[in-house]
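Visitor: Fold the following, please.
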Amino acid sequence: MTVPAPKKQQPTLTERAFWSLINAVEKRLFTDNFIVSNQTPYREIHSDRLMSVRHYLPLEEDEILVGDAWEGVNRQRHRTPVVLVPPLAATSIIFDLLPQRSLVRFLLARGYDVYLVDWGEVTAEHSDVSLETYVLEWLPSALEAIREDSGEQELTLYAYCMGGLLSLMYAAVSQDPHIRNIVSIASPVDMHQSGVAGRVLSLVYRPARIVGQLLNISLLDLPARFMHVPGWLNVLAFRLTSPIGSMVSYLELLVNYWDREYVTVHTTVGQWFGKMVDYPGETIKGMVVHMALNNRMARGRMRLGDQQAEFAGIQCALLAFAGADDKLVKVASARHVMDIVSSRDKEFHVVPGGHAGVFAGSRAPANTWALSADWLATRSD
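Guide: Next up, the predicted model:
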């Protein structure tokens with residue numbers, strides 16, 4: 001049950017000017033004072049090179065603030081653990097972004113046993129990390145550790161964006177019978193359906209294939225270091241999807257500098273968009289050739305190393321979301337997951353928000369989070 005939180009009393013103009021100055025100076029000198037992500041206690045149960053696995057501890061509170069409402073903490077735990085699978089460019093902070101907007105805390109309050117796979121911070125030294133590394137090595141290793149730690153074989157994979165694609169790839173290639181549920185949020189299964197970029201990819205697919213066959217060349221033959229994408233380029237690409245939105249965000253910050261809570265939220269969320277990690281070169285090669293140009297996932301079959309991922313073999317319960325205003329992953333792109341799996345129990349929802357908002361925006365708790373928690377409740381015991 002949720003209970004609205006009381007509203008704050010508004011300060012005078014003089015007080016706003018004073019606190020704006022104080023907050024601006026402190027933020028300039030001590031930025032970390034305004035960053036409140038990753039505060040939920042956890043223990044690390046496994047690590048493998050860059051990748052590590054977290055197990056979040058039960059909440060001590062009887063109720064927590066989620067957005068603008070109080071959520072009671074359910075002490076009865078669901079049997080099936082939830083495994084959070086992040087995308088690659090964004091760090092794991094997106095799952096525990098703010099104390100009052102934390103998917104981790106929300107799921108804990110709803111009675112779920114929560115684990116997280118942290119891919120780590122990729123640098124240029126890790127260009128050799130490939131899709132196969134994530135899908136055939138790290139994710140199986142993480143799930144084995146989670147099963148051993150929890151004592152449960154059945155698991156729910158709860159993933160965002162590229163994390164959803166990695167989860168689907170794992171389920172397709174492993175045919176793991178103990179993946180009970182998959183929750184996929186804003187995952188571009190059909191990349192040829194992702195707006196302008198998708199149309200361009202669909203147009204160049206056949207010519208690129210013909211040229212490659214005639215000249216006997218492939219992007220896969222390039223050294224991985226040439227395809228490595230630094231984090232700053234990921235930041236730039238994301239901001240260019242909504243340049244006006246970025247400008248408006250900073251203008252709103254200036255207007256609200258007096259409000260310490262507002263500055264804290266803005267600064268913390270800024271860590272998500274302003275400090276993305278690198279995409280490994282070998283991973284980019286696989287994504288561009290297999291997923292972007294050839295659109296293998298949308299076609300239902302994809303080769304990973306010497307193994308074949310058959311997406312029609314996925315039969316677990318599936319819940320997929322798309323953002324109504326997502327400029328990166330269009331609704332049609334995310335919806336296509338419904339066509340490639342054989343699951344009888346599957347649902348698709350279009351919810352408010354853009355690419356980030358659908359997952360961790362101010363409206364996510366009442367939409368994506370609540371829908372997924374309610375859906376899992378009948379599929380986790």
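Visitor: Where do the helices of the stretch 251-381 of the chain begin and end?
Guide: 260-274, 281-286, 296-299, 331-335, 337-340, 357-360, 370-377 (DSSP state H, counting those that start in this stretch).
Visitor: If you average pLDDT over each of those helices, which is lowest?
Guide: Sorting the helices of the stretch 251-381 of the chain by mean pLDDT places helix 260-274 lowest, at a mean of 85.
Visitor: Which residues does that helix contact?
Guide: Applying CB atoms under 8 Å, 6 or more residues apart in numbering, the contact partners of helix 260-274 are 19, 23, 27, 31, 34-37, 90-91, 93-94, 97-98, 235, 238-239, 249, 252-253, 256-257, 356, 360. In short, each C-beta sits where N, CA and C put it, glycine included.
Visitor: Which of the residues you listed are buried? Put it as a PyMOL command.
Guide: This is the PyMOL syntax for the buried subset of the contacts of helix 260-274, where burial follows 16 or more other CB atoms under 10 Å:
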select buried, resi 19+23+27+34+35+36+37+90+91+93+94+97+98+235+238+253+256+257+356+360
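Visitor: Could you pull up the residues touching P140?
Guide: 170, 174.
Visitor: so how far is M51 from it?
Guide: Per CB to CB, to the nearest Å, P140 is found 11 Å from M51.
Visitor: helix or strand for K27, which one?
Guide: helix 13-29 (DSSP states H and E).
Visitor: rewinding a little: which neighbours do P140 and M51 share?
Guide: Counting by CB under 8 Å, 6+ apart, nothing touches both P140 and M51.
Visitor: just to revisit the earlier point, to L108, which of the helices of the stretch 251-381 of the chain lies closest?
Guide: L108 sits nearest to helix 370-377 of all the helices of the stretch 251-381 of the chain, at 10.7 Å, using CB to CB.
Visitor: sorry, back to before: out of the helices of the stretch 251-381 of the chain, flag the one nearest E154.
Guide: Of those, the one closest to E154 (CB to CB) turns out to be helix 370-377, at 12.0 Å.
Visitor: Quick one: list the elements packing against the closest one.
Guide: The contact analysis (3 or more CB pairs under 8 Å, 6 or more residues apart in numbering; DSSP states H and E) places helix 370-377 against strand 179-185, strand 317-323, strand 346-351.
Visitor: Mind listing residues that contact it?
Guide: Taking CB under 8 Å, 6+ apart as the rule, helix 370-377 contacts 78, 80, 82, 106-107, 110-112, 156, 158, 181, 183, 319, 321, 347, 349, 351.
Visitor: any idea how far A298 is from the residue of the chain positioned farthest from its centre?
Guide: Relative to the centre of the chain, and counting by CA atoms, centre = their mean, the farthest-placed residue is T14 at 41.2 Å. According to CB to CB, T14 and A298 sit 59 Å apart.
Visitor: separation between the spatially most central residue of the chain and P87?
Guide: By CA atoms, centre = their mean, the chain has its centre lying nearest to Y160, at 3.0 Å. Separation of Y160 from P87 (CB to CB): 6 Å.
Visitor: Ok, A356 next?
Guide: 11 Å.
Visitor: residues touching the closest residue to M162 other than its chain neighbours, list them.
Guide: Nearest residue to M162, sequence neighbours excluded (CB to CB, 6 or more residues apart in numbering): P87, at 3.9 Å. By CB under 8 Å, 6+ apart, the contact set of P87 is 160-163.
Visitor: Show me the two of the residues you listed that sit farthest apart.
Guide: Y160 and M162 (8.0 Å).
Visitor: hey, what's in contact with both of those two?
Guide: Common contacts of Y160 and M162 (CB under 8 Å, 6+ apart): 87, 187.
Visitor: Surely A172 is in contact with Q307?
Guide: No: taking CB atoms under 8 Å as the definition, A172 is not a contact partner of Q307, at 9.7 Å.
Visitor: and these two? which has more neighbours close in?
Guide: A172 (25 against 14; other CB atoms under 10 Å).
Visitor: Please name the residues that touch the more buried one.
Guide: Neighbours of A172 in contact, by CB under 8 Å, 6+ apart: 302, 309-311, 313-314.
Visitor: what's the answer for T31, then?
Guide: T31 sits in contact with T267, where contact means CB under 8 Å, 6+ apart.
Visitor: List phi and psi for it.
Guide: Dihedral angles of T31 (phi, psi; degrees, to the nearest 10) stand at phi -60, psi -40.
Visitor: and what of N294?
Guide: For N294, the backbone dihedrals are phi -80, psi -10 (criterion: degrees, to the nearest 10).
Visitor: burial of it, as a residue count?
Guide: 18.
Visitor: Return the distance of it relative to R335.
Guide: From N294 across to R335, the span is 20 Å (CB to CB).
Visitor: again, but for D96
Guide: In this view, D96 and R335 are 28 Å apart by CB to CB.
Visitor: Looking at these two, which is more packed in?
Guide: Between D96 and R335, D96 has the larger neighbour count (other CB under 10 Å), namely 24 against 18.
Visitor: rewinding a little: which among the helices of the stretch 251-381 of the chain is found nearest to R147?
Guide: helix 370-377 (18.0 Å).
Visitor: I'd assumed V83 was in a helix, is it?
Guide: No: assessed with DSSP: H, G, I helix; E, B strand; the rest coil, V83 is strand; it does not lie in a helix.
Visitor: nearest spatial neighbour of it, skipping sequence neighbours?
Guide: Y115 (4.9 Å).
Visitor: Tell me, what's the model's pLDDT at that neighbour?
Guide: pLDDT at Y115 comes out at 99.
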